[in-house]
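K.L.:
coords please:
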Amino acid sequence: MLIFMRTTLEIQDEVFRQAKSRAAEAGCSLGEFVTFALREALTHRETSSANKFSMPVFGDPAQRIERSLEQLSELRDEGR
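P.N.:
The predicted model follows:
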């Protein structure tokens, strides 16, 4: 059983026009489009933040040397 919440949102005019246009292109109501867009944004954030890992890389990427975790551990143990 689906439960719907009726609410009021303040949306910038240009965003509203684009959303309404995209909803019409997709053949759905503005409410359905907003629900879909919010669901996508929420899902994307949950998965991307859970899997996010970044490491700064310095120097020329063409000169990058690929190392396995095993090789990195050996270098660490050797004090390099």
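K.L.:
now stretch 60-79: how far from the chain's centre is it?
P.N.:
A distance of 30 Å separates the centroid of the chain from that of stretch 60-79, by Cα atoms, centre = their mean, to the nearest Å.
K.L.:
Please apply the same query to stretch 27-34.
P.N.:
Worked out by Cα atoms, centre = their mean, stretch 27-34 lies 21 Å from the chain centre.
K.L.:
Where does the prediction get shaky in this protein?
P.N.:
In the predicted model, the chain carries pLDDT under 70 at residues 45-59, 61-65, 80.
K.L.:
Next, count neighbours for E10.
P.N.:
Number of residues near E10 (other Cβ atoms under 10 Å) recorded here: 5. C-betas here are computed from N, CA, C, even on glycine.
K.L.:
do L42 as well
P.N.:
Around L42 there are 10 other residues, counting by other Cβ under 10 Å.
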